[in-house]
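Peer 1: Predicted structure and sequence below. I'll ask about it afterward.
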Amino acid sequence: MTARSEHSPRRSDPSNAARANGPPLTGRSAPLRQAMALAGRAAATILPVHIRGESGTGKERLARWIHESSPRGHGPFVAVNCAALSRSLLEAELFGAVRGAYTGAERDRAGLFRHADGGTLFLDEIGDMPPAVQAALLRALQDGRVRPVGGEREERVDVRVLSATHRDVRRMCREGAFREDLYYRLAIVGIRLPPLRERPDDLPELVAALAPRLADETGLPAPRLAPCALRLLMCSRWPGNVRQLHGVLARAMLAADGMTITAEHLDPLESAGTDTARPSALSLERAMIDDAVRGARGNLSEAARRIGWSRQKLYRRLRATGGPSLRQSSPAATTSSNNSTFQ
């Protein structure tokens, strides 16, 4: 916002605040580090920030962190989903309304801009905002004033606006679906959150971060993943990103019932899918078996224990994944076959 109230928030050291709050998103991959570095610099200002990312990438979590790490961190953080309300309701929600302005308006309504005065207003799914509301929002950003629906007087507000969407707003501007002048005011700082498929190396850390919550929700021990299961997670496309990962892990924990999660507990990954250019679930499972057998120096009983299977199940999965038909008639035969096949 260009306007400032008489009681503007005292400027603090946002870098110290950011460190105290900790990173809002888990991972150390280069794409995420770049996004977080820009977010940290933006938090030190009062500039509008626009966050673009797919569903489940943590846009609102990042917006809240920017607010809490900013000079306005002591003020209110107010969020609204622009896609969830009709034009008339969204306008009244944002700017307020006077009694009788529309059917059901039985009393004056302050609006979210006034509720966020001195703090931050987060506009989620800004790409779904109706054109008429876009025009009213642009006026509020330009003037630092809002007029309630049905009202005659404008009221000054001091609000920093953060916005987010999964849509490509720049393309919407070119197509005439979004006001270009409004976009330039909202996206003075633009941050793109990478989808999970672009940062597969973050999967182990994400699983560890989700573990306490999953254990609390399921009543089971924190998830333990076999190497093959982790590889399968890292090869998935994840259209639902971290939100989908949480659901997949929760179902796998129930399927494993407290045991180590293996590839079969994750197969199929429902709508997650896997990249056809990457290894299949069966090849990943076979790689897990090979790793376990090598680590056990060819002892299949020990290899099965490492994976969390019985020896009989290990034999079945060897055959299913293209392994040799190993004889179980004697320990000597097993050891001999192990040595010739795996070492």
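Peer 2: Here it is on my side, so go on.

Peer 1: where do the strands sit along the stretch 51-200 of the chain?
Peer 2: Secondary structure of the stretch 51-200 of the chain (DSSP state E, counting those that start in this stretch): strands located at 77-81, 120-124, 145-146, 155-156, 160-165, 189-192.

Peer 1: Most tightly packed of those?
Peer 2: strand 160-165 (a mean of 25; mean count of other C-beta atoms under 10 Å). Bear in mind the C-beta positions are built from the backbone N, C-alpha and C, glycine included.

Peer 1: could you give me the average pLDDT of it?
Peer 2: Summarised as a single mean, pLDDT over strand 160-165 is 98.

Peer 1: same thing with stretch 286-306?
Peer 2: Stretch 286-306 shows a mean pLDDT of 80.

Peer 1: Any stretches of the stretch 151-300 of the chain with poor pLDDT?
Peer 2: Within the stretch 151-300 of the chain, the segments meeting pLDDT under 70 span 267-285.

Peer 1: before we move on, back to that, tabulate the strands of the stretch 51-200 of the chain in a markdown table, adding columns for distance to Ser70.
Peer 2: Output for those, formatted as a markdown table (distance: least, C-beta to C-beta, whole Å):
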| stretch | distance to Ser70 |
| --- | --- |
| strand 77-81 | 10 |
| strand 120-124 | 7 |
| strand 145-146 | 21 |
| strand 155-156 | 21 |
| strand 160-165 | 7 |
| strand 189-192 | 12 |
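
Peer 1: end-to-end on stretch 39-49?
Peer 2: Criterion C-alpha to C-alpha, to the nearest Å; first-to-last residue distance in stretch 39-49 is 9 Å.

Peer 1: quick revisit: out of the strands of the stretch 51-200 of the chain, which gets nearest to Thr321?
Peer 2: Counting by C-beta to C-beta, Thr321 lies closest to strand 189-192 out of those; the figure is 38.7 Å.

Peer 1: And the closest one, what does it pack against?
Peer 2: Identification of packing neighbours for strand 189-192 by 3 or more C-beta pairs under 8 Å, 6 or more residues apart in numbering; DSSP states H and E yields helix 30-43, strand 49-52.

Peer 1: Of these, flag the one that's most buried.
Peer 2: Note that of the helices and strands packed on strand 189-192, strand 49-52 is the most buried (mean count of other C-beta under 10 Å), with a mean of 24.

Peer 1: coming back round to it: and the helices and strands packed on strand 189-192: which comes nearest Pro131?
Peer 2: Comparing those under C-beta to C-beta, the one sitting nearest is strand 49-52, at 18.1 Å.

Peer 1: Which strands border the closest one, and is each parallel or antiparallel?
Peer 2: In its sheet, strand 49-52 lies beside strand 160-165 (parallel), strand 189-192 (parallel), with partners assigned from DSSP bridges.

Peer 1: CA atoms only: put the first one into CSV for me.
Peer 2: Extracted in CSV, the C-alpha atoms of strand 160-165 (Å, rounded to 0.1, in the frame of the first residue of the first chain):
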residue,chain,number,x,y,z
ARG,A,160,0.6,-4.7,2.9
VAL,A,161,-0.8,-7.0,0.2
LEU,A,162,0.7,-10.4,-0.5
SER,A,163,-0.9,-12.5,-3.3
ALA,A,164,-0.7,-16.0,-4.7
THR,A,165,-2.0,-18.2,-7.4
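
Peer 1: angle of that strand against strand 77-81?
Peer 2: Taking axes from the mean of the first three to the mean of the last three C-alpha atoms, to 10 degrees, one finds strand 160-165 and strand 77-81 inclined to each other by 30 degrees.

Peer 1: Name the residues of whichever strand or helix holds Asp216 that come out as buried.
Peer 2: In the assignment (DSSP states H and E), Asp216 maps to helix 203-218. Buried residues in helix 203-218, counted by 16 or more other C-beta atoms under 10 Å: Leu203, Leu206, Val207, Leu210, Ala211, Leu214, Thr218.

Peer 1: now swap in stretch 131-140 and tell me
Peer 2: Applying 16+ other C-beta under 10 Å to stretch 131-140 flags Val133, Gln134, Ala136, Leu137, Leu138, Ala140 as buried.
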